[in-house]
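J.: Quick one: sequence plus predicted model below, questions after.
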Amino acid sequence: MTPNPFPPAGQPFLPDLPAPIAGLERLLANVWWVWNVRARALVESIAPGQLDAARGRIAAWSAGVDAGRWAELAADAAFVAELHAVTDALDAYMTSEDTWWNDSFGNDPEAAPGGITYFSAEFGLHEGLPIYSGGLGVLAGDHLKSASDLGIPLMAVGLFYRQGYFRQHTDSGKQSETYEWQTPEQLGMRRAVGAGGQPLEVFVPLYQRYVRAKVWQAQVGRVPLFLLDTDVDGNRPEDRQLTRCLYGGDTRMRICQEMILGVGGLRAVRGLGFDPSVLHMNEGHTAFVVLERMHEEIERGFDVEDALETVQQEAVFTTHTPVPAGHDRFWDELLEDVVGPYRSKLGISAGRLMDMGRVHTGSLGEEFCMTVLALRAARATNGVSEKHGEVSRQMWQELWPGRDCAEVPIGHITNGVHAPTWLGAEVQQWLDSGLDEWRDRLPDEQPWAEVLDLDGGALWNAHEVQKQRLLDFVHARTGTRIEPGTLILGFARRFAPYKRGDMILSDVQRASAMLRDTDRPVALLYAGKAHPRDENGKEIVRRVLQAAGMPEFEGHVVFLEDYDIGVGRMLVQGVDVWINNPRRPREASGTSGQKVSMNGGLNCSTLDGWWIEGFANEPLAGWAVGDLTPDPDLVHGDRLDREALYQALENEVVPMFFDRDEAGVPQEWVKRMKASIATCLPAFNTDRMLADYVRGSYLAD
């Protein structure tokens, strides 16, 4: 498979630009500019501060740049030269054959000759394309970026949500939600062109009818991302609503969205002229691609079982959810209502289809589970950390009766993050100063011992610059000014109850004494959203907001509203310590702490998800909160973990941070920063993760 190198022609999404800088539109039409330090600096120099104000949305940002500024830039020889240099770098990147994939598998004609197609319900590429809610989407976005960097022949399929995920507001002291309309053109996307040269449109069977879906294309470096959109003239009003919101609506809307993603997604792939060798299902939302792939084989004359066997040779599956209740399930009446006519055309009985999604075949009281469908159809399945693989084997053991847990065919590939996206420019420059080949070594997870010999003072200075950028960001967003010498703790993630977002604040007197110490000041920065229908999560947000307004915490507890990739990027690059305290073993992986660690920040977290591996590999990278095995009594376990968190912060974290030499540098702290980078950066990046997927999943027998 050869991905399209550039988006197809379409209407410009920038105003008419003067000829000398017309190449800016082509640059911004490829998400590559987001993770290339030089390209991003060029874009941000056009209108300093406005890109953040526009939440990264290119059309909104460009509308705030007046014609005089464009003319000024066109007449600026230095800017024009830099633009040409950056677009030349993009062109070289897009056309280079010197890639990890070619070096590793370029001479193997059997290595995924049709390429890999990656299906996901959400993609977090940057804050300007808000079709993600949190970690699952950001992981999917980072997956595409590393696939591009490594030259892996991969394309991706998802849904285009015109109202995206919600915008969070906290003016009333509690979370409220609004949804903003967005068009693909405003976000720099173009209509995908099918193999016949016409704008692509597919028809998806729902109920007794077909729903039409346009297909849009976003370019992620070398990787094309195709997004289906049912807001099409001629569709019923209720069908036009299907792709309006991410995770909006009820169970009926969810099953319809998943049919569009799986069935419509594979039809779009065919319409584009691709015949992938591997179908990667990212979480159970995507599993209806199994039915459409079976449909293709049945249309060729194969029976149901042979068709399923063909799928099992091509499909791989990644599960992200360690809790049974978190997996999509549908009752037989709903499944038959929505999918029944399509099922009939496949020649599959209603009972047979239900059994494909049941753990216990023939159990009439059991719902159809999308994860079970994916597990039954995949030749390779993985969890997203070593612990999550273990939990998943226990959770789904009954699918393989007679096997011990250790023999359940679910492995693990620990998540990572895309280093060029999440590493601050200053830390990247510090690495460049003594390890100029580090980007080429990202697929290799071996620790980089040379990092320990680099200049610690220079690393501290780089961190201080990134930290000040965060503090300036906090001041601009909230009006709160935090002094640079303050120890900054960060907590940013979805506000689900199991993540215990307000645990550190639950003892007001003790927390206040720690945060407001005039000799050793500490500030706690919060960000995160609760799902609109998660009232318990919203209550935690309310309590955090209430604490931020208390005199005991004034200026020391700050909530950053409307968490998105842009807010996350600022936090992970600038905080000193990352706090994460989920109930164990509820965290499948977690990736925010990985972003912090590669920037030299330290983690103070319960032993769950990736941090079990991170702490075991390098204890200097942070602190473990609580025991590996949690107390079975949740109330007592919460009390123990809270005490362990306070003990770690009061007795180790805070004293070490403020223990400075004559130059004002915390030498022991910097030693830990270097150890964190040396170990966690190579082990927990998505280049390493993609290399594991290629060898252990995509090309595995």
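T.: Received the coordinates, thanks.

J.: Please count neighbours and contacts with C-alpha atoms only from this point.
T.: Noted.

J.: Spatially, which residue comes closest to Leu346, not counting chain neighbours?
T.: Nearest residue to Leu346, sequence neighbours excluded (CA to CA, 6 or more residues apart in numbering): His295, at 5.7 Å.

J.: and the gap between the one you found and Trp460?
T.: Distance, His295 to Trp460, by CA to CA, to the nearest Å: 58 Å.

J.: how many neighbours does the residue nearest to Leu346 have?
T.: Using other CA atoms under 10 Å, His295 has 24 other residues around it.

J.: Kindly report the same for Glu643.
T.: Glu643 has 17 neighbours, counted by other CA under 10 Å.

J.: Start the count at 609 instead of 1 going forward.
T.: All right, first residue 609 from here; so that's Glu1251.

J.: Could you pull up the mean pLDDT of the helix or strand where it lies?
T.: Per DSSP states H and E: Glu1251 is located in helix 1242-1256. The average pLDDT within helix 1242-1256 is 96.

J.: Show me what counts as buried in that helix.
T.: Gly1245, Asp1246, Leu1248, Asp1249, Arg1250, Glu1251, Ala1252, Leu1253, Tyr1254, Ala1256 (16 or more other CA atoms under 10 Å).

J.: Tell me which other helices or strands it touches.
T.: Judged by 3 or more CA pairs under 8 Å, 6 or more residues apart in numbering; DSSP states H and E, helix 1242-1256 is in contact with strand 1210-1214, strand 1230-1233.

J.: What pairs with the longest one, parallel or antiparallel?
T.: Pointing back at strand 1210-1214 there. strand 1185-1188 (parallel), strand 1230-1233 (parallel) (DSSP bridges).

J.: Would you mark the buried spots in that strand?
T.: In strand 1210-1214, counting by 16+ other CA under 10 Å, buried: Leu1210, Asn1211, Cys1212, Ser1213, Thr1214.

J.: and which of the residues you listed is nearest to Asn990?
T.: Comparing these against Asn990 with CA to CA places Thr1214 closest, at 22.8 Å.

J.: pretty sure the closest one is in contact with Val1233, am I right?
T.: Yes: counting by CA atoms under 8 Å, Thr1214 touches Val1233, with 4.4 Å between them.

J.: joint contacts of those two?
T.: Counting by CA atoms under 8 Å, 6 or more residues apart in numbering, the shared contacts of Thr1214 and Val1233 are Asn1189, Asp1249.

J.: hmm, back to that, what's the angle from the helix holding Glu1251 to strand 1210-1214?
T.: Orientation of helix 1242-1256 against strand 1210-1214 (axes from the mean of the first three to the mean of the last three CA atoms, to 10 degrees) gives an angle of 160 degrees.

J.: if I look at the residue sitting nearest the centre point of the chain, how far off is Met1281?
T.: Central residue of the chain (CA atoms, centre = their mean): Val746, 1.1 Å from the mean position. As for Val746, its distance to Met1281 is 25 Å (criterion: CA to CA).

J.: and of the helices and strands packed on helix 1242-1256, who's closest to Lys822?
T.: Of all these, strand 1210-1214 sits nearest to Lys822, with 43.7 Å by CA to CA.

J.: after the closest one, next one along is what?
T.: Taking DSSP H and E, what comes next after strand 1210-1214 is helix 1218-1225.

J.: which SSE is Leu1132 in?
T.: Using DSSP H and E, Leu1132 sits in strand 1130-1135.

J.: Against Leu691, how distant is the closest residue to Arg830 other than its chain neighbours?
T.: Counting by CA to CA, 6+ apart, Ser756 is the residue found nearest to Arg830 once chain neighbours are left out, at 4.9 Å. Note on Ser756: its distance to Leu691, by CA to CA, is 22 Å.

J.: More neighbours: these two, which one.
T.: Taking neighbours as other CA under 10 Å, Ser756 and Leu691 compare with Ser756 leading, 25 against 22.

J.: a helix runs through the more buried one, doesn't it?
T.: Yes: under DSSP: H, G, I helix; E, B strand; the rest coil, Ser756 sits within a helix.

J.: Mind checking what secondary structure Leu1289 has?
T.: helix.

J.: so what's it up against?
T.: Going by CA under 8 Å, 6+ apart, Leu1289 touches Ala1027, Leu1050, Gln1202, Ser1205, Met1206.

J.: Relative to Pro884, which of those is nearest.
T.: Nearest to Pro884 out of the contacts of Leu1289 is Leu1050 (CA to CA; 26.4 Å).

J.: per-residue confidence at the closest one?
T.: 97.

J.: what's the distance between it and Cys1288?
T.: Taken as CA to CA, the span from Leu1050 to Cys1288 is 11 Å.

J.: again, but for Arg1247
T.: Where Cys1288 is concerned, Arg1247 sits at a distance of 30 Å (CA to CA).

J.: now swap in Leu961 and tell me
T.: 44 Å.

J.: Of these two, which one has the most company?
T.: With neighbours defined as other CA under 10 Å, Leu961 and Cys1288 compare such that Cys1288 has more, 30 against 19.

J.: In space, what's closest to Thr838 - neighbours in sequence excluded?
T.: Thr838's closest residue in space is Ala821 (CA to CA, 6+ apart), at 4.4 Å.

J.: hang on, isn't that neighbour packed against Leu836?
T.: Yes: using CA under 8 Å, Ala821 is in contact with Leu836, at 5.8 Å.

J.: hey, what's in contact with both of the two?
T.: Residues touching both Ala821 and Leu836 (CA under 8 Å, 6+ apart): Gly872.

J.: So which bits of stretch 972-992 are buried?
T.: Residues of stretch 972-992 classed as buried by neighbour count (16+ other CA under 10 Å): 974-992.

J.: From the chain's centroid, how far away is stretch 720-736?
T.: Its chain's C-alpha centre and that of stretch 720-736 lie 11 Å apart, by CA atoms, centre = their mean, to the nearest Å.

J.: Likewise for stretch 646-663?
T.: Relative to its chain's centre, stretch 646-663 lies at 22 Å (CA atoms, centre = their mean).

J.: now do stretch 847-860
T.: Relative to the centre of its chain, stretch 847-860 is centred 21 Å away, using CA atoms, centre = their mean.

J.: Ok, stretch 947-963 next?
T.: Worked out by CA atoms, centre = their mean, stretch 947-963 lies 34 Å from the chain centre.

J.: Can you tell me what sits against that stretch?
T.: In contact with stretch 947-963 (CA under 8 Å, 6+ apart) are residues 813-816, 902-903, 906, 912, 940, 944, 969-970, 975-976.

J.: Quick check on those residues: which are buried?
T.: For the contacts of stretch 947-963, a burial check counting by 16+ other CA under 10 Å picks out Pro813, Leu814, Tyr815, Met902, His903, Ile906, Val912, Asp940, Glu944, Glu975, Phe976.

J.: now the fifth one: how far from Asp883?
T.: Yep, that's His903 we're talking about. Using CA to CA, His903 is found at 15 Å from Asp883.

J.: residues in contact with whatever helix or strand Asp914 lives in?
T.: Under the criterion of DSSP H and E, Asp914 resides in helix 912-922. By CA under 8 Å, 6+ apart, the list of residues contacting helix 912-922 from outside reads 885-887, 898, 901-903, 905-906, 954-956, 985-987.

J.: name the element Arg960 belongs to?
T.: Judged by DSSP H and E, Arg960 forms part of helix 958-964.

J.: Now do the contacts for Pro1055.
T.: Counting by CA under 8 Å, 6+ apart, Pro1055 touches Ala1286, Thr1287, Cys1288, Pro1290, Ala1291.
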